[in-house]
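*Asks:* model this:
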Amino acid sequence: MVGFLIQRLLQAAVVMVVISAMVFVGVFAIGNPIDVLISPDVTQQIRLDTIKAYGLDQPLWRQYLTFITRLVQGNFGRSFVFNMPVLDLILSRLPATLELTLAAVLGAALIGVPLGMFAGYRPDSIAAKLLMGLSVLGFSVPTFWIGLILILVFAVNLGWLPAGGRGATVSVLGVEWSFLTLEGLKHLLLPALTLSLFRLALMIRLARAGMREAILSDYVKFARAQGLSEAKVIWGHVLKNISIPIVTVFGLEFGATLAFAVVTETIFSWPGLGKLIIDSIQSLDRPVMVAYLMLVAFLFIMINFVVDIAYAALDPRLRAGRA
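*Replies:* Here you go, the predicted structure:
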């Protein structure tokens, strides 16, 4: 097991180096931030001084080496627009995105898996067919349209929930969280619901497929023959055996939601990383763009790493094979 963990960590390091080069080259091939940072009316000398101050006069390979050196030291540079360390800027926005992502993905998993298992256990019931029909809508309807409809119904027409913003927050260990206040929960509900509908539909269909396959297997027949209750068969045997694909999808969807909550955060003016990266792209704030993409890559690698460990905890065959 230790050898497996070391192997995966070495693979992660190689992947991060390759991704850093691809991201750096891709981002620095987009536009010229000097055209955004300074007025077109300035003198040529001021323009040259600004280019030199930001190190943009250096060859691309030298800029990349400087970036890697700073990255190893935990220094992502300074934002061109906000004029503050990029890491501090990202960390100030990360709790908002993390809170929204956890609310959406956990809600989708906690609701979708039981509903999907019910749909697989009673596939011919009206409720199961209704659930599968609603899951198709979850896949088909665009996220931005769902968000706009929710705002129109619950914020504009009914006035029950706010249309945007994060609301009141509570500081815990220096980090601001909105779910700890009633006002914050009201602001969180609509964007979390918008972001979770696709994941909810995915969890329902995944759990239903696993349930349909597992319920006909031999170990379920033997468990029933031993006199175990139906609830123990389903929650103690079936759920454990279908949990591996669910954990895989949960990990991937958590990473994808955390990385690409841009549309939802923009619609609801949620002050998270998604809105930050949109603003950075518009202003060609290269350090923020590179740091954000590196953070996303790191999160995906770490999530896959945790999922692999979860596999070993869920499936004893994997533990035996690795041993």
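*Asks:* number of nearby residues for Arg205?
*Replies:* 20 (other Cβ atoms under 10 Å). The way it works is simple: take the backbone N, C-alpha and C, and place the C-beta from them, glycine included.
*Asks:* ditto for Val172
*Replies:* The tally of other residues near Val172 (other Cβ under 10 Å) stands at 10.
*Asks:* Excluding covalently adjacent residues, which one is nearest to it?
*Replies:* In space, and not counting its chain neighbours, Val172 is closest to Leu180: 7.3 Å by Cβ to Cβ, 6 or more residues apart in numbering.
*Asks:* any idea whether the one you found is helix, strand or coil?
*Replies:* Counting by DSSP: H, G, I helix; E, B strand; the rest coil, the backbone at Leu180 sits in coil.
*Asks:* what sits against Phe82?
*Replies:* Contact analysis of Phe82 by Cβ atoms under 8 Å, 6 or more residues apart in numbering lists Leu89, Asp285, Val288.
*Asks:* Which of those residues ranks first by neighbour count?
*Replies:* Neighbour counts for the contacts of Phe82 (other Cβ under 10 Å) peak at Val288, which has 28 neighbours.
*Asks:* helix, strand or coil for it?
*Replies:* Following three-state DSSP, Val288 is assigned to helix.
*Asks:* Quickly note the distance from the residue most central in space within the chain to Thr264.
*Replies:* Nearest to the mean C-alpha position of the chain, counting by Cα atoms, centre = their mean, stands Leu258 at 2.0 Å. Going from Leu258 to Thr264 by Cβ to Cβ, to the nearest Å gives 12 Å.
*Asks:* wait, the residue nearest to Val172 sits on Gly167?
*Replies:* No - between Leu180 and Gly167 there is no contact under Cβ atoms under 8 Å: 10.7 Å.
*Asks:* for the stretch 51-200 of the chain, what spans make up the helices?
*Replies:* Assigned by DSSP state H, counting those that start in this stretch, the stretch 51-200 of the chain shows helices spanning 60-72, 86-121, 126-140, 143-150, 182-214.
*Asks:* May I see the buried residues of the second one?
*Replies:* Yep, that's helix 86-121 we're talking about. Burial within helix 86-121, assessed by neighbour count using 16 or more other Cβ atoms under 10 Å, is assigned to 86-87, 89-90, 92-97, 99-101, 103-105, 107-109, 112-113, 115-121.
*Asks:* Near the residue nearest to Val105 when sequence neighbours are not counted, how many other residues are there?
*Replies:* Closest residue in space to Val105, ignoring its immediate chain neighbours: Phe254 at 4.9 Å, by Cβ to Cβ, 6+ apart. Neighbourhood size, Phe254 [other Cβ under 10 Å]: 23.
*Asks:* give me the element Phe254 is part of.
*Replies:* helix 239-259 (DSSP states H and E).
*Asks:* Compute the inter-axis angle for that helix and helix 86-121.
*Replies:* Helix 239-259 and helix 86-121 are oriented at 140 degrees to each other (axes from the mean of the first three to the mean of the last three Cα atoms, to 10 degrees).
*Asks:* Can you name every helix or strand that the next helix or strand after helix 239-259 contacts?
*Replies:* Once helix 239-259 ends, the next helix or strand along the chain (criterion: DSSP H and E) is helix 262-267. Applying 3 or more Cβ pairs under 8 Å, 6 or more residues apart in numbering; DSSP states H and E, we find helix 262-267 packed against helix 86-121, helix 143-150, helix 182-214, helix 273-283.
*Asks:* Can you flag the weakest of these by average pLDDT?
*Replies:* If you rank the helices and strands packed on helix 262-267 by mean pLDDT, helix 273-283 sits at the bottom with a mean of 81.
*Asks:* And the residue nearest to Trp270 when sequence neighbours are not counted, how far from Lys232?
*Replies:* Nearest non-adjacent residue to Trp270, counting by Cβ to Cβ, 6+ apart: Pro191, 5.4 Å away. Using Cβ to Cβ, we find Pro191 at a distance of 38 Å from Lys232.
*Asks:* next one: Met203
*Replies:* Taking Cβ to Cβ, one finds Met203 at 23 Å from Lys232.
*Asks:* what about those two, which has more around it?
*Replies:* Between Met203 and Lys232, counting by other Cβ under 10 Å, Met203 is the more crowded of the two (28 against 14).
*Asks:* ok, that one touching Leu110?
*Replies:* No - assessed by Cβ under 8 Å, Met203 is found out of contact with Leu110, at 9.0 Å.
*Asks:* Any idea how far stretch 294-307 is from the middle of the chain?
*Replies:* 10 Å (Cα atoms, centre = their mean, to the nearest Å).
*Asks:* which stretches of this structure have low pLDDT?
*Replies:* The chain contains residues with pLDDT under 70 at 1-4, 28-40, 54, 311-323.
*Asks:* Brilliant, that's me finished.
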